[in-house]
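> sequence unknown, structure follows:
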């Protein structure tokens, strides 16, 4: 474990100190300075929110969100329900699908270049209005895990600063387009805040070089393809560039909200809520039972049953509640076929879905949907 001794604390984050490590990114036993290495004290759940702006960006590339989800074998509710959360493997699958469907290798870079920082989550908003680039990166690293289950590590030695990221629940390589987008956003943050064309010293990428020089053109620096890591290497002098977007009053308000949110992540989620969330991930094309859910939670079936009963419900009731919640969201989508809804809810065939739906609602799916459309004044294409 690296030995860390901070001598300055900004907004509660360990910001600056000397660090000695036997083997690190700079070679054996190098003296470095750690700008920020933060591990939040609470357990970080594997949940990622995809903002509505992301789906709008896909549509600019003529990529239908539902088509991208189909291609990634993900539930369609991930697009319709803004509260729906993806796991890291699901998030990676979505970005891989985009890479396979989109002919533009610069998709991730273009995504970052057109980001509206004022409309991003609070953690990024705080970074955008920081005092300087160093302060911005520190704040970004400290609250990174409020946005995604990942750690951001920032190291400085002599004339360079290295930014690394680790996905806590990743079981495979991060998709190249996602790597591009995440790196470009951090560079774009410095360029927008300081209002100067910050040029990294070097970009290290595990991915192979594609045709053209897209990355070199965007970052305006050498790009090392086929590297052993994904990393941004900045000139240390750029960290001291003041931000023209600095706003002390806004920072104070946002910081308070972020601290409160960080404390809130320590609150335990009920067993019922955890089960419902997992069922939403597992239902599409499958028929998860309590054994499957208990395995995902790392619990025995008996322990999970006991906790659910203590909360006044049963696994069967939770499964029914999830299906009833999802079916309304699916039927609100124009053009979705009833057999596709049946698949998304984990039914083996349409007839089984029809029987279950009639038991819930006392009518057929087609009639229920017709009544719903009439009440809303919308017209949708009804599947057979």
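Yep, it's here. None of these values were measured; they are calculated from a predicted model. Numbering: from 1, shown residues only.

> Give the residue spans of the stretch 1-150 of the chain that score low on pLDDT.
Applying pLDDT under 70 to the stretch 1-150 of the chain picks out residues 1-43.

> Next: the stretch 251-384 of the chain.
For the stretch 251-384 of the chain, the stretches with pLDDT under 70 are 260-269, 284-285, 334, 375-384.

> Can you name every helix or strand that the helix or strand encompassing residue 135 contacts?
Per DSSP states H and E: residue 135 is located in helix 133-142. Applying 3 or more C-beta pairs under 8 Å, 6 or more residues apart in numbering; DSSP states H and E, one finds that helix 133-142 contacts strand 3-10, strand 13-24, strand 27-37, helix 122-128, strand 150-157, helix 176-194. All C-beta atoms are positioned from the backbone trio N, CA, C, and that covers glycine.

> Report the buried residues of that helix.
Buried residues in helix 133-142, counted by 16 or more other C-beta atoms under 10 Å: 133, 134, 135, 136, 137, 138, 139, 140, 141, 142.

> by how many degrees do that helix and helix 176-194 diverge?
140 degrees (axes from the mean of the first three to the mean of the last three C-alpha atoms, to 10 degrees).

> Please enumerate the strands of this structure.
Using DSSP state E, the strands of the chain run over 3-10, 13-24, 27-37, 48-49, 85-86, 150-157, 160-167, 202-205, 223-225, 231-235.

> what's the closest of the buried residues of helix 133-142 to residue 182?
The shortest gap between residue 182 and any of the buried residues of helix 133-142 belongs to residue 140, at 10.9 Å (C-beta to C-beta).

> you'd agree that closest one is up against residue 153?
No - here residue 140 does not reach residue 153: they are 11.6 Å apart, not a contact under C-beta atoms under 8 Å.

> contacting residues for residue 82?
Going by C-beta atoms under 8 Å, 6 or more residues apart in numbering, residue 82 touches 49, 51, 52.

> List the backbone torsions phi and psi for the second one.
Summarising the backbone geometry of residue 51 under the convention degrees, to the nearest 10, its torsions are phi -70, psi 160.

> ok, now which ones touch it?
residue 82.

> can you tell me how far it sits from residue 79?
To residue 79, residue 51 is 12 Å away according to C-beta to C-beta, to the nearest Å.

> again with the first one
From residue 49 over to residue 79 the distance is 13 Å, taken as C-beta to C-beta.

> Looking at these two now, which is surrounded by more residues?
residue 79 (21 against 14; other C-beta atoms under 10 Å).

> And the protein, split by domain according to the record?
For the chain, the structural domains run 3-45+106-264, 271-376, going by automatic domain parsing.

> Relative to residue 96, which of those domains is closest?
Once the domains of the chain are compared by C-beta to C-beta, domain 3-45+106-264 is nearest, at 4.8 Å.

> show me what contacts the residue nearest in space to the middle of the chain?
Residue closest to the average C-alpha location in the chain (C-alpha atoms, centre = their mean): residue 48, at 3.7 Å. Residues in contact with residue 48 (C-beta under 8 Å, 6+ apart) are 85, 86, 87, 88, 90, 91, 148, 149.

> Just give the number of residues close to the last one.
Going back to what we said before, that points to residue 149. Look at residue 149: counted by other C-beta under 10 Å, it has 19 neighbours.

> right, and it touches residue 86 too?
No - using C-beta under 8 Å, residue 149 is not in contact with residue 86, being 10.5 Å away.

> what touches both of those two?
With C-beta under 8 Å, 6+ apart as the test, residue 149 and residue 86 both reach 47, 48.

> does the residue nearest to the centre of the chain have beta-bridge partners, and which?
With beta bridges defined as DSSP bridges, residue 48 has these partners: residue 86.

> distance of it from residue 86?
Taken as C-beta to C-beta, the span from residue 48 to residue 86 is 5 Å.

> ok, now residue 110?
Distance from residue 110 to residue 86, by C-beta to C-beta: 22 Å.

> Ok, residue 312 next?
Residue 312 sits 29 Å away from residue 86, going by C-beta to C-beta.

> Of the two, which one has the most company?
residue 86 (20 against 8).

> so the more buried one makes contact with residue 78?
Yes - counting by C-beta under 8 Å, residue 78 is a contact partner of residue 86 at 6.3 Å.

> shared neighbours, these two?
Shared contacts of residue 86 and residue 78 (C-beta under 8 Å, 6+ apart): residue 50.
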